[in-house]
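*Asks:* sequence plus predicted model, see below.
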Amino acid sequence: MKKIIQVRQQEHVLQLTWVINNICSNHCAYCPPSLHMGNNHHYDWEKAKGFLNKLFKRYDRIHCSISGGEPSLSPFFPELVKIFHDAGHTVGITSNAAKTVRFWEEVSPMLSYICFSYHPSQVDPNFLTKVLAAAKHTSVTIRVMMDSRYWDEAVKFYEEAITHSVFSSIEPVRILAEMADRHIGDEYSEEQLQWIADHDGNQKYHGKNIPWNNYKAKPASNGAAFYYDDGTVEPSGDSNYLISTGQNDFRGWACNIGLESLFIHFDGWVKKGNCHQGGNLFHIDDYETNEFPTAAEICLQNICHCGTDVLISKAKVFDIDSEYVKQKYIPRAIKDEAEYQESSLGWFDMQKLRGKKATTFSAVDFLEWNDKTNVAPRKPTALFKPDDL
């Protein structure tokens, strides 16, 4: 199997991930309780709009990926989509299709894509009707969560979904223990793992894409080129393929999180990326008195679990077994069921004690990689040239 050696963002576009809330109509066991047992918002919406104005002045092009919780449950969601759309930026959403057919018909023309997730443990009988309605107006992907406890149900839905040719792709998604800090839904047989591999990556199902000129929203600029050790280059790499094949351990790599990406947590804290490396930058309510990062990071995460982070420009600097990585790396242990329940309850207790500006993740010590950079403080570009590393 060919090995990834470099990822390079195709265009200079800020990838903004916004976990807009932490309530959800589903309560999936492999999803952390903090994402579906909270509140709709933990920040001031007017302040949030001010933060967006600051971003629009700093970055010429932004792609915003909205998730939750279930983002469509936010009363601010339609306005947020319209703000990005009217400003000439692009926005996409990850959703379980909780809202009505009419809702998706109204909002989908302003979205560059919708990534609908199907959860076999939380069956919505109208799921396909809703996603077919959205597919009339924008690019729709269905990600089938291959919960090992509901394997047959997941495969059955996948087989039904591929009979419709209007979806951009239908992707089987392997459940990872790191998603919920415990082993549930991720206990696969060798045959099941092979099935996922056979239907993922370049082998995944692609429908007949509707030409983009048929859509009101423009396509998102959120891709990256993948460079492999055999000399091949994929101009638009598939992050889910790297995750499914275990090629998402980038410890020791220089990564442009914070430069090509920002992450807004549901509690209002702004971070550099979905991995949360570097800790909190500032709370969105306090955006006026804080600045943005100006240097790349050396990755210290043993798994890059989010597709958006995988697509951020990165290239190898240190080996995994180097002294630097050994000294800085903090292992993330998978909890047993008792530890999981205790830590989940602890999160909510901490929120009550500390209020909305609780620091929910400790900062990770990081290296400011300045000696191989092209610093441009106001209009940031990649702060390292992958070919030079």
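*Replies:* Perfect, I can see it now.

*Asks:* every contact and neighbour count from this point should use C-alpha atoms.
*Replies:* Fine.

*Asks:* correct me if wrong: Phe116 contacts Ser95.
*Replies:* Yes: using CA atoms under 8 Å, Phe116 is in contact with Ser95, at 5.0 Å.

*Asks:* surely Ala197 is in a helix?
*Replies:* Yes: judged by DSSP: H, G, I helix; E, B strand; the rest coil, Ala197 forms part of a helix.

*Asks:* quick check: Gly252 touching Glu323?
*Replies:* No: Gly252 is beyond contact range of Glu323, at 10.2 Å (criterion: CA under 8 Å).

*Asks:* higher neighbour count, these two?
*Replies:* Using other CA atoms under 10 Å, the more surrounded residue of Gly252 and Glu323 is Gly252, with 25 against 11.

*Asks:* quick one: the more buried one from Asp321, how far?
*Replies:* Here Gly252 is placed at a distance of 9 Å from Asp321 (CA to CA, to the nearest Å).

*Asks:* list the neighbouring strands of the longest strand anywhere in the chain plus their orientation.
*Replies:* Across the chain, the longest stretch assigned as strand under DSSP state E is strand 139-146. In the sheet, strand 139-146 lines up against strand 113-118 (parallel), strand 169-174 (parallel) (DSSP bridges).

*Asks:* quick one: contacts of it?
*Replies:* Identification of contacts with strand 139-146 by CA atoms under 8 Å, 6 or more residues apart in numbering yields 112-120, 131, 134, 154-155, 158, 167-175, 185, 209-210.

*Asks:* only the buried subset of those residues, as a PyMOL command please.
*Replies:* To isolate the buried ones among the contacts of strand 139-146 in PyMOL, judged by 16 or more other CA atoms under 10 Å, type:
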select buried, resi 112+113+114+115+116+117+118+119+120+131+134+154+155+158+167+168+169+170+171+172+173+174+175+185+210
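
*Asks:* need the helices for the stretch 51-200 of the chain, in chain order.
*Replies:* With DSSP state H, counting those that start in this stretch, the ranges of helices along the stretch 51-200 of the chain come out as 77-86, 101-107, 127-134, 151-161, 190-198.

*Asks:* pick the most buried one from the ones you listed.
*Replies:* Per residue and on average, the most neighbours among the helices of the stretch 51-200 of the chain fall to helix 127-134, with a mean of 19 (mean count of other CA atoms under 10 Å).
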